[in-house]
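**Q** please find the sequence and the predicted model below.
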Amino acid sequence: MDHGGHGGMPMPAKCSMNMLWNYQITDTCVVFRSWHISGAFTFVLSFLIILLLGITYEWLRKLQRALDIQTAQRITRASSPSIPMEADNENGTSPLIGVAPKLYPVPEGARIRRAVLYGLSTFLSFFLMLVFMTYNAYLIAAVVLGASIGHYIYGEQIEAEAILAGSGDSAKPISCC
């Protein structure tokens, strides 16, 4: 009995599952069996897609920060327009430092937008973690390079006072947990 032949039918390419650091290009599947790297072209395409996903994650973080700033400005303007936001010239401190933070209710529309952006960024961070778990050095490099490029592009401003006060998160990395 001959078990070697399959009647001339081509065998589907197999996804290799590596649990160790590797440099394999062909037969690597990225997250899904259908995302199969079968050669140089699909490898380059996959690398670029993963790079763009890393950049997109940083864009989402910037969008979240911008929405939070916009929401905070609207809330504080509507509830207490008389609070001076500039530093006190005598001692260089802000009039709000040392004061317990006041919590404001977030309007429903802003809460929905914040929740959607949070969900998208959480999904994307877990997705990039799964790419990392291929243990493929090239794909890991694409994630790190994409995050770095995105941080460079979208990290042009920092909240210096918040960072010095210990409450800034401008350097928060991609995280899954």
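**A** Great, that's in hand. Numbering: from 1, shown residues only.
**Q** so in this protein, which helix runs the longest?
**A** Using DSSP state H, we find that the single longest helix of the chain is helix 40-79.
**Q** same for it, what does it pack against?
**A** If you count contacts as 3 or more CB pairs under 8 Å, 6 or more residues apart in numbering; DSSP states H and E, helix 40-79 packs onto strand 36-37, helix 108-132, helix 137-154. (Glycine included, C-beta is placed from N, CA and C.)
**Q** give me the helices and strands touching the last one, please.
**A** In this case it means helix 137-154. helix 40-79, helix 108-132.
**Q** so residue 58 touches residue 147, yeah?
**A** Yes: applying CB atoms under 8 Å, one finds residue 58 in contact with residue 147, separated by 6.3 Å.
**Q** buried sites along stretch 49-61?
**A** 50-51, 53-58, 60-61 (16 or more other CB atoms under 10 Å).
**Q** using CSV, write down the CA coordinates of it.
**A** Extracted as CSV, the C-alpha positions of stretch 49-61 are listed here (Å, rounded to 0.1, in the frame of the first residue of the first chain):
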residue,chain,number,x,y,z
ILE,A,49,1.4,45.6,7.8
ILE,A,50,2.7,44.9,11.3
LEU,A,51,4.9,48.0,11.2
LEU,A,52,1.7,50.0,10.3
LEU,A,53,-0.2,48.4,13.2
GLY,A,54,2.5,49.5,15.6
ILE,A,55,2.3,53.1,14.2
THR,A,56,-1.5,52.9,14.4
TYR,A,57,-1.3,51.9,18.1
GLU,A,58,0.7,55.1,18.9
TRP,A,59,-1.8,57.2,16.8
LEU,A,60,-4.6,55.7,18.9
ARG,A,61,-2.8,56.7,22.1
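**Q** mind checking how far it is from the chain centre?
**A** Counting by CA atoms, centre = their mean, to the nearest Å, stretch 49-61 is centred 6 Å from the centre of its parent chain.
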